[in-house]
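Chemist: Sequence below, structure please.
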Amino acid sequence: MAIVVLPDETKILKSDVAGMPAGDHLLKILGGLDGIAIRLLTDDKESSAREDIERFGSVRFPIRAADARDLAEHDVLVIDARAWLTHSLLTSLIDRARHGTEGLLLGDSRTDRAAQTAMALAAYFQQGQMRPGVLERARTKSRRGLEHVLSAEALSRMAVVRAIDLNVAGPAQLIDSYADLSEIERRALLDRENDAIEREVRIRGLRQDWLRGQLVCGADVELEINVIVEGTVALGNGVRIGANCVLRDSRIGDHTRINPFSLVEHASIGSDGIVGPYGRIRPASSIGDGVQIGNYVEIKNSEVGSRSRINHHSFIGDAMIAEDVTVGAGTITCNHDGVRINRTIVERGAYIGSGCNLVAPVRIGEGATVGAGSTITRDVPAAKLTLARSRQTTIANWRGPKQS
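Modeler: Model (predicted):
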């Protein structure tokens, strides 16, 4: 069993590190190990870790005799919740706790709550016999050594809890400040970059990209500098991601290029396409194959069919754009009427001129052409040219505003 000792203030453990709250990394590793029961040690006060307590169960602090007797029936490893550990190190420590004759306290033996917890449990170690407990700390280069210097005879009469301090220069560390968080995240992200490089992903900005989530790649993938990956991102063969892009929980097909300063989140993009620069693909959007999404184009909750082109300064929201459609620069789907969100449908092969407003709900027929500068409020018939703009007029003898 692992007893995870929560500090009085858990705010720092809720801070994001490499894509999840700092404290969740330890719980995730523990939760993935076979035969490990997790208990969070907390007090009676309302805890900011309430959801975790409900998920894993808790032990109250100060620890009660009845709880200690119950815990003494298990192999117990006491862990400070601020501990940042590798999977292999934690596994070896659990193995030591299971097969050794001592209890183990992992963290900082100067932490009152962790130390008192270990001392309370020590009285019940070694087959549950009531014996005084002693806290001993292993020697390290950076620490003083034993907290209590006792003779071998005295130690033989006591149940020993051995405290292992975390070496801040090694793979284990105690998260004690925001400076620690920054250093830990830097190391974690660098490890992920090196792992991606081993899988033959070309990362041109080593130590400048931020793989906060899971990156799944095909062959011949290249990431420029300052790329941020969050959640799960799948990149097909030959994908190119430009500088300063953010990818979040998305899938991008083979040989598609995401140009610099683009954002793709919770979306799917097909193969052989282009997005950006400065493109934004918002959640619940699906982009087909061979689609061109140009600079300063925003797509929201829409489907865009294969080979369509939306190249400049346009907003497409809550729309279904079929195959082979061209949308001119500055075109907007007016999807909200002040009460409801409405859909725009553009059928196959339609051509929308520049600077148009498509006021939803509206349908543009197959092969239709909408003249530039039109505001469309009714359905447009297929294979015809539709204009919706006032006639151009010229005012003769115009003198302009008079200046006083």
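Chemist: for residue 364, what are its contacts?
Modeler: Applying CB atoms under 8 Å, 6 or more residues apart in numbering to residue 364 gives the contacts 344-347, 350, 352, 358, 370, 376, 379-380. All C-beta atoms are positioned from the backbone trio N, CA, C, and that covers glycine.
Chemist: low pLDDT regions in this structure?
Modeler: Scanning the chain for pLDDT under 70 picks out the ranges 1, 5, 8-10, 44-49, 61-66, 68-76, 97, 100-171, 403-404.
Chemist: one step back: most neighbours among the contacts of residue 364, which one?
Modeler: residue 346 (29 neighbours; other CB atoms under 10 Å).
Chemist: Okay, and the beta partners of that one?
Modeler: residue 321, residue 364 (DSSP bridges).
Chemist: quick one: contacts for it?
Modeler: Going by CB under 8 Å, 6+ apart, the list of residues near residue 346 reads 319-322, 325, 327, 352, 358, 363-364.
Chemist: Switch the residues you listed over to TSV; also include distance to residue 257.
Modeler: TSV is the format used below for the contacts of residue 346 (distance: CB to CB, whole Å):
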residue	distance to residue 257
319	23
320	25
321	20
322	23
325	20
327	20
352	24
358	28
363	32
364	28
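Chemist: quick one, what contacts residue 247?
Modeler: Contacts for residue 247 (CB under 8 Å, 6+ apart) come out as 227-230, 233, 241, 258, 264-265.
Chemist: does it count as helix, strand or coil?
Modeler: When classified by DSSP: H, G, I helix; E, B strand; the rest coil, residue 247 comes out as strand.
Chemist: Tell me the bridge partners for it.
Modeler: Assigned bridge partners for residue 247, using DSSP bridges, are residue 229, residue 264.
Chemist: nearest residue to residue 87 other than its sequence neighbours?
Modeler: residue 29 (5.4 Å; CB to CB, 6 or more residues apart in numbering).
Chemist: sec struct for the one you found, please.
Modeler: Secondary structure, three-state DSSP: residue 29 is helix.
Chemist: returning to what we had before: among the contacts of residue 346, which pair sits farthest apart?
Modeler: 327 and 363 (14.9 Å; CB to CB).
Chemist: Just want to know which of these two has more residues nearby.
Modeler: The neighbour count for residue 327 versus residue 363, taken as other CB under 10 Å, is higher for residue 327 (30 against 20).
Chemist: Touching, that one and residue 304? I think so.
Modeler: No - judged on CB atoms under 8 Å, residue 327 makes no contact with residue 304 at a distance of 9.1 Å.
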